[in-house]
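Enquirer: Starting from these lines, generate the structure:
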Amino acid sequence: MPTRLVLLLSLLLLGACTTDPKTLFDSQVRTSTTPLATSLAEAVRLAPVAPLQIDPGRAPQYQIGQDQPRLLLHDLPSNYRVFRITLEAQQLYNLQIVSDCISCSGNAKYGLKPAVFLLDADGTLVDEHPSQALTGSRGVSLRMSGLAPHSGDYYLLVAADNRALGYEIVLEHRGINQPMLVTPNSVGRRRPSPMRSYPIGEIRVFASTRR
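Expert: Below you'll find the predicted structure:
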C-alpha cells in the first residue's frame, strides 16, 4: 500500500477516535449501506477474501471499518474481514490475530475487540475459541490453534465485537497452549486489557508454523 495512502488512513482513524464509540457506531456502522450478512457462511460469501500469509517477515495490516461488509453478530452489525488458508487433514494450525491500538495517547486507549471464527469450505464452523490471549498498552493479540478436521480451504473471519463499546476490552480464551479439537462446552478464561472497545480498527492477521 502506498505510504501516502497508509498515512491518510491512519489520520482518518485517529480523527475518528475523537468521536464517542457509540456515536461512531451509530453513524458509520448501523446506518452503513454495505452488505449485511445474517450468518457466518453468508458473511464468507459476501466478502472479498485475502490469502492468509504464513510466517511473514512483517505481518500486513488490514483496516476494519465502514467500507467493509457487515455481519449481524450478537444482534449488532459488525464490520469484518475474511482470510483463506489451505490445510491438510489433522494438520496443526496456528492463527495469530492482533488488534492494534489506534488511539494510544493518555488514559483513553481505543482499539477494535476482535471476534474470530474459522470455517471450512462448506461454511461449517470449525473453531471460535482462541487458545491464547495477550494484552498490552499497544493492542491485544489472540492465538487460535487446533487440528484441521479434513483437507481443504478454511476461512478465518475477523469481526468487530461491538457489544461493549467504550468499555475495557476483556478477552475470552480456552486457557491452553496445546492444539486440540474444540468442543462447544470448552471452558474459557478471561483476560482484561487496558484498551477500550471501538467499532473500527486495524488488525494484523497471519498463520504461524511455530508451535
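
Enquirer: Longest strand in this protein, please.
Expert: The longest strand of the chain (DSSP state E) is strand 76-87.

Enquirer: Could you list the buried residues of that strand?
Expert: Neighbour counts over strand 76-87 (16 or more other C-beta atoms under 10 Å) mark L76, P77, S78, N79, Y80, R81, V82, F83, I85, L87 as buried. Any C-beta I mention is one placed from the backbone N, CA and C, and that applies to glycine too.

Enquirer: Tell me the first helix or strand C-terminal of the helix-or-strand element of the chain with minimal mean pLDDT.
Expert: Scoring the helices and strands of the chain by mean pLDDT, DSSP states H and E places helix 3-16 at the bottom, with a mean of 45. Next helix or strand after helix 3-16 toward the C-terminus (DSSP states H and E): helix 21-24.

Enquirer: Give me the distance between that following helix and the centre of its chain.
Expert: From the chain centre to the centre of helix 21-24 is a distance of 19 Å (C-alpha atoms, centre = their mean, to the nearest Å).

Enquirer: Any regions of the protein where pLDDT drops low?
Expert: By pLDDT under 70, the weakly predicted segments of the chain are 1-18, 105-107, 137, 173-193, 209-211.

Enquirer: if you set the cut-off to 90 instead, what comes out?
Expert: 1-19, 55-60, 102-109, 131-140, 168-195, 208-211 (pLDDT under 90).

Enquirer: helices or strands up against the longest strand of the chain?
Expert: Packing contacts for strand 76-87, counted by 3 or more C-beta pairs under 8 Å, 6 or more residues apart in numbering; DSSP states H and E, involve helix 40-46, strand 49-51, strand 61-64, strand 70-73, strand 92-100, strand 152-160, strand 201-207.

Enquirer: same thing but 7 Å
Expert: strand 49-51, strand 61-64, strand 70-73, strand 152-160 (3 or more C-beta pairs under 7 Å, 6 or more residues apart in numbering; DSSP states H and E).

Enquirer: Residues contacting that strand, please?
Expert: 29-30, 36, 43-44, 47, 49-52, 62, 64-66, 68-71, 93, 148, 151, 153-163, 200, 205, 207 (C-beta atoms under 7 Å, 6 or more residues apart in numbering).

Enquirer: how big is the angle separating that strand from strand 92-100?
Expert: 140 degrees (axes from the mean of the first three to the mean of the last three C-alpha atoms, to 10 degrees).

Enquirer: How far away from the center of its chain is strand 76-87?
Expert: Mean-position distance between strand 76-87 and its chain equals 8 Å (C-alpha atoms, centre = their mean).

Enquirer: Use 43 as the first number from now on
Expert: All set: I'll call the first residue 43, so the last point we hit is now strand 118-129.

Enquirer: Run the angle between it and strand 194-202 for me.
Expert: 150 degrees.

Enquirer: Turn the helices and strands packed on strand 118-129 into TSV, including distance to E214 and mean neighbour count.
Expert: Output for the helices and strands packed on strand 118-129, formatted as TSV (distance: least, C-beta to C-beta, whole Å; neighbours: other C-beta atoms under 10 Å):
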stretch	distance to E214	mean neighbour count
strand 91-93	26	13
strand 103-106	19	18
strand 112-115	14	22
strand 194-202	15	22
